[in-house]
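Participant: Curious how this folds, go ahead:
(one chain, ligands or ions: 1)
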Amino acid sequence: MSDNQSWNSSGSEEDLEPKEECGHAAGVAEFSGVLSKWTNYIHGWQDRWVVLKNNTLSYYKSQDETEYGCRGSLCLSKAVITPHEFDECRLDISVNDSVWYLRAQDPYHRNQWIDSIELHRVDSGYGSESSLRRHGSMLSLTSATSGYSATSTSSFKGHSLREKLAEMETFRDILCRQVDTLQKYFDSCANAESRDELQRDKIVEDDEDDFPSTRTDGEFLHNNNGSREKLFQSLSLKGINGIDFKGEAITFKATTAGILATLSHCIDLMVKREDSWQKRLEKEMEKRRRIEESYKSALIELKKKSHFGGPDYEEGPNSLINEDEFFDAVEAALDRQDKMEEQSQTEKTRIQRSSPVPPGDVYSSSGSHRFSDKPQAVIVRAVPHEVHRFSSEVEEMVQNHMTYSLQDVGGDANWQLVVEEGEMKVYRREVEENGIVLDPLKATHSVKGVTGHEVCHFFWDTAYRNDWETTIENFNVVETLSDNAMIVYQTHKRVWPASQRDVLYLSAMRKIVTNNENDPDTWLVCNFSVDHDDAQVSSRCVRAKINIAMICQTLVSPPEGNREISRDNILCKITYVANVNPGGWAPASVLRAVAKREYPKFLKRFTSYVQEKTAGKPILF
Ligand code: 9N3
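Facilitator: Presented below is the predicted three-dimensional model:
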């Protein structure tokens, strides 16, 4: 019995046997190797020893059994070689209606076989056409496969299913051929009626691999290698027109059964795959659950160990508390600070009442500085000022503030008014750089009864710093550059749970005399970050950077009659600008909330302090 050639009309003798007719590709070496050959649905793909020689492709059961003769052969002159569209290992070789379905061990060997067959083939017109066709499909195939294998191992994952698909395509081919055979039979039936003539049967059995049990007489048909007598004997068993109907019917059933078997195999594969995916999913879910659990317990441990909010507590994007918690903590800390301040304030006034000091000196901590003792003695030496190594920096800062900081931002859409209280207006521009809030701030205020010089004096002179500044833990003058410029190092109170900040800055006070006599002169203090070798480096602190200016202009309204200018006639217009870079991460919402709360508080407190401090004292213009 044969494989697929048993049921088509021409894996025929003339193609299979006659080496002389087939021609000979001179000088081309013999090529042989193992290829899988499709037998039938029962035996499926079977390894066969295939030999390419003398323009003929022959196959043997195995390499050891070549002396028993080949089981089938094809003349290659008219053979059409078709590499399979999807199965990268497969090649189909057909001669007329006879097809061999072959598979190599890998795409490389498949291509090697195709190339060798082309080399051995003695060309006929037909052959060259097929050769062209073959090359056409090879081109697309090699490009498709190279792209395919380059993608990933995923091409192997669907390997069995792909193989099954290839098998089913083989079944389809077989069935198509059977349909053709039947059609031929019907055609000849129609002809026979008129001509009453039976055609000589052309069907030749090829491979005995297939359906040995289908023969009723137990005779095995041999292919081109077998005896011709047996072939003719068998013809008598065939139906009308030489067609083996029983064989065809059995094969039809077998092929359809094969399709069903393959389909069910596919289903099995898919079910197995689904099961394995399900198992993997369950495993992954379990893994996730365990990781989540260990994360939670690690978090609890860490909270215990790092003294939540203590010095080892990590600030920054990796902080274990979220912004809301952080924000609440900051709010609570600030409230505590406020309460403590209030308490110390009431304590101070209580002491002052019991031991009176000169009026207007309530906030003075030392009581020995020039202003409180002899206010008139404050010498204005701002113009011309002393030269020091930071003079040019200060000059540049002052110029910038005079040019840009004094610009009105009331109608500027970029600046949003965040707080308005009486004459005080606080604006800010929301600016972030790498997630760090830099929001520039600008505030304007009108303070009655004080001059710009007085405001700047109390702001600049560190002797009063502790009287009005509530956010500083400690400060010291690192270097005095001149009588209106110094370098200050200060540590800010820690805003729990954020890290503590320190600032090193140059603080300079200047008077800018206007060149237009209708405009008032300007007094200003600018505080801007600098580097200094003597500056303490604190491992506890994160270094913040500041660029702050207090810019003041004094407006004087003419006094009534011949009176002297009193404090009732003066008004100080303040522009306060602050650019603070916290120097490290802190939650944006927290910083913004703190800034919104601290700056207005500072401005009110400080200006009231200056008012109180100067009240009843001679005016310092
Ligand atoms: C803030 C400093 C920090 C944060 C300042 C520094 C600051 C403000 C005013 C200096 O006008 S001054 O020069 C008077 C002299 O002290 C001056 C304000 C904000 C939060 C209000 C923006 C640094 C401390 C800090 C930053 C970030 N602490 C925690 C997180």
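Participant: how about the residues of the stretch 301-450 of the chain near the ligand?
Facilitator: Within the stretch 301-450 of the chain, no position is adjacent to the ligand by C-beta under 6 Å from any ligand atom. For every residue, glycine as well, the C-beta is placed using N, CA and C.
Participant: Report the buried residues of the helix or strand that contains residue 349.
Facilitator: Secondary structure assignment for residue 349, by DSSP states H and E: helix 323-354. Residues of helix 323-354 classed as buried: 326-327, 329-330, 333-334 (neighbour count, 16 or more other C-beta atoms under 10 Å).
Participant: Stretch 78-89 too?
Facilitator: 78-84, 87-89.
Participant: Looks to me like residue 166 is in a strand.
Facilitator: No. When classified by DSSP: H, G, I helix; E, B strand; the rest coil, residue 166 is found to be helix rather than part of a strand.
Participant: continuing past the strand or helix carrying residue 459, what's the next helix or strand?
Facilitator: Using DSSP H and E, residue 459 maps to helix 452-460. Using DSSP H and E, the helix or strand that follows helix 452-460 in sequence is helix 465-468.
Participant: do the helix holding residue 459 and the ligand meet at all?
Facilitator: No. Judged by C-beta under 6 Å from any ligand atom, helix 452-460 makes no contact with the ligand; its nearest approach is 7.4 Å.
Participant: neighbouring contacts of that helix?
Facilitator: Helix 452-460 is contacted by residues 371, 378, 380, 447, 464, 468, 484, 507-509, 511, 520-525, 550, 552-554, 572-574, 606-607, 609-610, 613-614, 619-621 when judged by C-beta atoms under 8 Å, 6 or more residues apart in numbering.
Participant: quick one on the thing from earlier: could I get the buried residues of helix 323-354 in TSV, plus columns for pLDDT?
Facilitator: TSV is the format used below for the buried residues of helix 323-354 (pLDDT from 0 to 100):
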residue	pLDDT
326	70
327	71
329	72
330	72
333	75
334	77
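Participant: Which two of the buried residues of stretch 78-89 have the greatest separation?
Facilitator: The distance between the two most remote of these (C-beta to C-beta) is 25.8 Å, for 78 and 88.
Participant: all helices of this structure, in order?
Facilitator: 13-16, 19-22, 107-120, 125-151, 154-157, 159-195, 228-237, 245-305, 323-354, 370-373, 391-400, 452-460, 465-468, 588-614 (DSSP state H).
Participant: right, so these: which one is the most enclosed?
Facilitator: helix 452-460 (a mean of 25; mean count of other C-beta atoms under 10 Å).
Participant: the inter-axis angle of that helix versus helix 588-614?
Facilitator: 120 degrees (axes from the mean of the first three to the mean of the last three C-alpha atoms, to 10 degrees).
Participant: Just the buried residues out of the contacts of helix 452-460, in ChimeraX syntax.
Facilitator: Selecting only the buried entries of the contacts of helix 452-460 in ChimeraX, with 16+ other C-beta under 10 Å as the criterion:
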select :371,447,464,468,484,507,508,509,511,520,521,522,523,524,525,550,552,553,554,572,573,574,606,607,609,610,613,614,619,620
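Participant: How about residue 448, nearest residue that isn't a chain neighbour?
Facilitator: With sequence-adjacent residues excluded and distances taken as C-beta to C-beta, 6 or more residues apart in numbering, residue 448 is closest to residue 571, at 5.6 Å.
Participant: For that neighbour, give me its contacts.
Facilitator: Residue 571 sits in contact with 446-449, 554-557, where contact means C-beta under 8 Å, 6+ apart.
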